[in-house]
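Enquirer: Structure for the following, please:
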Amino acid sequence: MERLTGDAPLPAAFCGGVIALGNFDGFHLGHQAVVGRAVARARAEGRPALAAIFDPHPAAFFRPDLPPSRLTTIDQRARLFAGAGVDAMIVIGFDAALAALSPERFVDERLAAWFGAAGIVTGVDFTFGQARSGTTEMLAALGLRHGFTAEAVAPIQDADGPISSTRIRQALIAGECETATALLTRPHRIEGVVIHGDKRGRTIGYPTANVDLGDYLRPRYGIYAVRARLDDGRVIAGAANLGIRPTFDPPKELLETYLFDFAESFYDRVIEVELVSFLRPEAKFDGLDALVAQMDADCEEARRRLSAVAT
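Expert: Model (predicted):
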């Protein structure tokens, strides 16, 4: 799959495609329906299937003071799009100039002139243009002027209502990994480069792979049963502490993953850690003996839970 910039005309090979347009952060069941519809249309019409996203997320651009809320990085979304059959991902830089474009100019200058869209697929709640004044109905009407069709896909619902990134964030903040997994169709995954820590873990028999949380949403602080996907394709079970490690000073926010039956060093390599099940909240221990005893119990419980969940 190709990765293209949305800040210039597309290469000729990708013009005239059917574009799934949105943010698709998390790429949950609802997002999958939108992208799936675009891919199906593209295949039926013999056109490129494209997914277009905005970076940064408009909410983060307008409110940089908000706490981190990202569910997926651009790299993760690229892999998910590729798995869904998308031929190319368009990354549209979101800045003040783009935010000031009227809906009409966004359609004229980007979707029509630069992308040569033959079709656009969005969710029903998609908005665009200055002050979010463009609606899906407006997009369909403007598309007719330029010879492309636009359609909006209805939300996917379960017993609790429409599936959304907001619901997934709420589940993760509550430590409800299983709910998030059901909505995403896979466990929530945090990807990052393994960094050097203070190496306390190795002194007590629990060396960890440490990853900075960056712009990711902060799930509930605590201990998790996890699986780590390594950059060579291996998937290793483990247990992780996500939080500030209250037993140690100074507090340091990290995702620290202990991999079962694994003794290799992989500093500076990328890993993707999936949160399978929340075990318990973080706790402060009086000494290392109490901490190690609890970690032993945590790992035993993590193994038990992971054995009951398919990879």
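Enquirer: For stretch 26-46, buried residues please.
Expert: By 16 or more other CB atoms under 10 Å, the buried positions in stretch 26-46 come out as 26-39, 41-42. To be clear about C-beta, it is placed using only N, CA and C from the backbone, and glycine gets the same treatment.
Enquirer: tell me how far it is from the chain's mean position?
Expert: Relative to the chain's own centre, stretch 26-46 is displaced by 17 Å; criterion: CA atoms, centre = their mean, to the nearest Å.
Enquirer: Go through the buried residues of stretch 26-46 and flag which are in strands.
Expert: Assigned to strands by DSSP state E, none of these qualify.
Enquirer: Contacts only, for the residue nearest the centre of the chain.
Expert: In the chain, the C-alpha nearest the mean C-alpha coordinate belongs to T72, at 1.6 Å (CA atoms, centre = their mean). Contact analysis of T72 by CB atoms under 8 Å, 6 or more residues apart in numbering lists 25-27, 80, 189.
Enquirer: now the strands for the stretch 1-150 of the chain?
Expert: Secondary structure of the stretch 1-150 of the chain by DSSP state E, counting those that start in this stretch: the strands cover 2-5, 18-21, 49-55, 88-93, 119-123, 149-153.
Enquirer: so which of these gets nearest E264?
Expert: strand 2-5 (30.2 Å; CB to CB).
Enquirer: what are the ranges of the helices in the stretch 151-300 of the chain?
Expert: Using DSSP state H, counting those that start in this stretch, the helices of the stretch 151-300 of the chain run over residues 165-173, 177-184, 200-203, 288-307.
Enquirer: Point out where this protein drops to low pLDDT.
Expert: Low-confidence segments of the chain (pLDDT under 70): 198-204, 246-250.
Enquirer: Domains in it, by residue range?
Expert: The chain breaks down into these domains under automatic domain parsing: 2-158, 188-307.
Enquirer: Just tell me which of the ones you listed ends up closest to C177.
Expert: Between the domains of the chain, domain 188-307 lies closest to C177; by CB to CB that is 5.1 Å.
Enquirer: Dump the domains of the chain to TSV, plus distance to A182.
Expert: Listed next are these as TSV, based on distance: least, CB to CB, whole Å:
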stretch	distance to A182
domain 2-158	8
domain 188-307	11
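Enquirer: so which of those gets nearest I173?
Expert: Of all the domains of the chain, domain 188-307 sits nearest to I173, with 5.9 Å by CB to CB.
Enquirer: ok so, going back, which one among the buried residues of stretch 26-46 gets closest to E137?
Expert: E137 lies nearest to V34 out of the buried residues of stretch 26-46, by CB to CB, at 16.7 Å.
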